[in-house]
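> need a structure here:
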Amino acid sequence: MMNYDYRQAMREDVRTAIKEKEEWIGKTITEAYEDKEEAYDQLFDDMWVNDSVTGYGSGSYTFNRYKAEEYLTHNWELLGEALEEFGGDLKDTFDNGGVEALDVTIRCYLLPEILAEIIEERWEE
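Down below sits the predicted model:
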């Protein structure tokens with residue numbers, strides 16, 4: 001089994017979500033928003049609850065406990081960072097949603113970093 005790369009997977013998910021948003025509004029994000037900050041604020045709110053990006057809306061990104069367990073394997077340090085950032089506790093988070101909640105926690109933790117990176121790329125194009 002290969003190690004799951006959360007950052008790479010989220011880059012793909014964020015790019016896909018942005019593309020879908022652009023198709024829906026009929027403009028690129030650089031046309032739709034005045035600046036990077038406005039784009040970030042609007043897209044962050046949309047993506048935070050998007051099950052295809054973080055899984056926070058429903059409490060699961062994978063909708064599959066086994067898949068979430070696979071993703072977490074070799075990513076315990078990243079989970080620790082995410083729990084520390086949110087002031088969470090491993091046992092409480094697990095008790096309130098199992099491994100899928102742990103997976104969602106990592107995705108929510110990485111969203112600000114990844115979204116800012118993608119927006120920066122788009123403004124440079």
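
> Next secondary structure after the helix or strand bottoming out on mean pLDDT in the chain?
Using mean pLDDT, DSSP states H and E, helix 90-95 stands out as the lowest-scoring helix or strand of the chain, at a mean of 72. Per DSSP states H and E, helix 90-95 leads on to helix 98-124 as the next helix or strand towards the C-terminus.

> helices or strands up against that following helix?
Packed against helix 98-124 by the contact rule (3 or more Cβ pairs under 8 Å, 6 or more residues apart in numbering; DSSP states H and E) you find helix 6-25, helix 29-32, helix 36-48, helix 65-72, helix 76-86, helix 90-95. In this view, the C-beta of every residue, glycine as well, is placed from N, C-alpha and C.

> Tell me the buried residues in it?
Along helix 98-124, the positions that meet the burial threshold by neighbour count (16 or more other Cβ atoms under 10 Å) are 99-111, 114-115, 118-119, 122.
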